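Asks: generate a structure from the sequence data that follows.
(chains A and B)
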Amino acid sequence: EAGVTQFPSHSVIEKGQTVTLRCDPISGHDNLYWYRRVMGKEIKFLLHFVKESKQDESGMPNNRFLAERTGGTYSTLKVQPAELEDSGVYFCASSQEKGTGTYEQYFGPGTRLTVT
Amino acid sequence: RKEVEQDPGPFNVPEGATVAFNCTYSNSASQSFFWYRQDCRKEPKLLMSVYSSGNEDGRFTAQLNRASQYISLLIRDSKLSDSATYLCVVKRREGGKLIFGQGTELSVKP
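Replies: Numbering: from 1, shown residues only, chains lettered A, B, ... in the order given. Next up is the predicted model:
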């Protein structure tokens, strides 16, 4: 079974440009999460989709970030316009909540974003 | 103060050594606890969940003390392949988001 995939693996853009990151979760996983690791800091939660609905977007840093999950399958995260502090590794994770309430989040390989 | 705090590391140990990682969390609403492993420039992968009764998986033993809000991971007979960053992770009672510690880097030397 294919794991979580992310595209692109790397992106280098200039300040002020727009970048769109894509995540394809494991097939059948209703829960999709975005996380980010800024250099020298811990991995931080950005937002959580359940199917196509935003369940929790409390971690989104500001309105330059827009996440969508049309149709409840893949998700995109757009940064517009990008700022220097947006540089970091963006991870996507998916999970399928089990009846017991416990579940594992499977992470994608991440997109390394560099804003110059 | 960070919600999840870990030993800063790095830990440099010889093969065969026993190494212990500690972690504390500040939010008493935390419900589930995990150790993730992250290799250099790779994604985090679940190593093991942590239960109140303590749990063991081969050379790895995890323990949780809810009263002290403290989590530990013990690695016995360490191998070169154990070299990685170990992330302490908690999940609150509500919602699904994971809250990560900064990670502790382990380097096992021959």
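Asks: residue ranges with poor pLDDT in chain B?
Replies: Nowhere does chain B drop to pLDDT under 70.
Asks: residues of it that sit close to chain A?
Replies: Taking Cβ under 8 Å from any Cβ of the partner chain as the measure of proximity, chain B contacts chain A at B:2, B:4, B:32, B:42-46, B:49, B:87, B:95-103. From N, CA and C alone the C-beta is placed, and that goes for glycine too.
Asks: repeat the analysis, applying 10 Å as the threshold.
Replies: B:2-6, B:31-32, B:34, B:36, B:38, B:41-46, B:49, B:87-89, B:91, B:94-103 (Cβ under 10 Å from any Cβ of the partner chain).
Asks: the helix or strand where residue A:89 lies vs chain B: in contact?
Replies: Using DSSP states H and E, residue A:89 sits in strand A:88-95. Yes: Strand A:88-95 is in contact with chain B by Cβ under 10 Å from any Cβ, via A:89, A:91-93, A:95.
Asks: just list what that strand packs against, helices and strands only.
Replies: strand A:5-7, strand A:19-24, strand A:31-37, strand A:43-50, strand A:75-79, strand A:106-107, strand A:111-115 (3 or more Cβ pairs under 10 Å, 6 or more residues apart in numbering or on different chains; DSSP states H and E).
Asks: neighbours of the residue nearest to residue B:92 when sequence neighbours are not counted, how many?
Replies: Leaving aside its sequence neighbours, residue B:92 sits nearest to residue B:29 (Cβ to Cβ, 6 or more residues apart in numbering or on different chains; 4.9 Å). Residues lying near residue B:29 (other Cβ atoms under 10 Å in any protein chain shown) number 10.
Asks: cool, and the one 5 residues further on?
Replies: Burial measure for residue B:34: 21 neighbouring residues, criterion other Cβ under 10 Å.
Asks: show the contacting residues for it.
Replies: Applying Cβ atoms under 10 Å, 6 or more residues apart in numbering or on different chains to residue B:34 gives the contacts A:104-105, B:44, B:46-50, B:62, B:71, B:87-91, B:98, B:100.
Asks: repeat that for residue A:35.
Replies: A:42-48, A:59, A:88-93, A:105, A:107-108, A:110, B:43-44, B:97-98, B:100.
Asks: buried only: go through those residues for me.
Replies: The neighbour-count test (16 or more other Cβ atoms under 10 Å in any protein chain shown) marks A:42-48, A:59, A:88-93, A:105, A:107-108, A:110, B:43-44, B:97-98, B:100 as buried among the contacts of residue A:35.
Asks: just checking, residue A:44 touches residue A:89?
Replies: No: counting by Cβ atoms under 10 Å, residue A:44 stays clear of residue A:89, with 11.1 Å between them.
Asks: list the residues that contact both of these two?
Replies: What both residue A:44 and residue A:89 touch, as defined by Cβ under 10 Å, 6+ apart, is the set A:35-38.
Asks: can you flag the buried ones in those?
Replies: Neighbour counting with 16+ other Cβ under 10 Å marks A:35-37 as buried within the shared contacts of residue A:44 and residue A:89.
Asks: with distance to residue A:8 added, can I get these in TSV?
Replies: Below are these laid out as TSV (distance: Cβ to Cβ, whole Å):
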residue	distance to residue A:8
A:35	17
A:36	16
A:37	17
